[in-house]
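**Q** No letters, just coordinates:
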């Protein structure tokens, strides 16, 4: 399957793209977000949560690792920025992390690439200007260009 490709011109545009993409997700979906610092991973997560029916505040769980929101169903929002590798997520229960009755969104997912289930969406965000970014979404297969 060819990746889905978008060009976003603003933060609100990124939220709209992610909100629309969320319509493809159902219980048991995992979205692995990757891209350089400042590329818009948390903004994209905010849009996913909006599209999944959660209208509250979505902030990066960098210090707590996981925030849980309730939309149409449970949303696990994970941020692995502060960890170095998968050994440091030992306290997280994979069964809970990849919660089958909800959606899991993981920022900096490349850090636990080997732990991720086979079926997932990989979303690569890349800055292309001050407020512009390229967004590419891959179904299950981790693209070579993002490590």
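**A** Thanks, I have the structure now. For clarity, every value in this text was computed on a predicted model and none was experimentally measured. Numbering: from 1, shown residues only.

**Q** If you tally nearby residues, what's the number for the closest residue to residue 108 other than its chain neighbours?
**A** Nearest non-adjacent residue to residue 108, counting by Cβ to Cβ, 6 or more residues apart in numbering: residue 80, 4.1 Å away. C-beta coordinates here come from the backbone N, C-alpha and C atoms, glycine included. Residue 80: 23 surrounding residues under other Cβ atoms under 10 Å.

**Q** surely residue 80 meets residue 104?
**A** No. With contact defined as Cβ atoms under 8 Å, residue 80 does not count as touching residue 104 (12.0 Å).

**Q** re earlier: for the residue nearest to residue 108, give its distance to residue 107.
**A** 7 Å (Cβ to Cβ, to the nearest Å).

**Q** Just to be sure, residue 60 is in a helix?
**A** No. If the criterion is DSSP: H, G, I helix; E, B strand; the rest coil, then residue 60 is coil and not within a helix.

**Q** what's the span of stretch 65-75, first residue to last?
**A** End-to-end distance of stretch 65-75 (Cα to Cα, to the nearest Å): 13 Å.

**Q** what comes up buried for it?
**A** Within stretch 65-75, the residues that count as buried by 16 or more other Cβ atoms under 10 Å are 65-67, 69, 71, 73-75.
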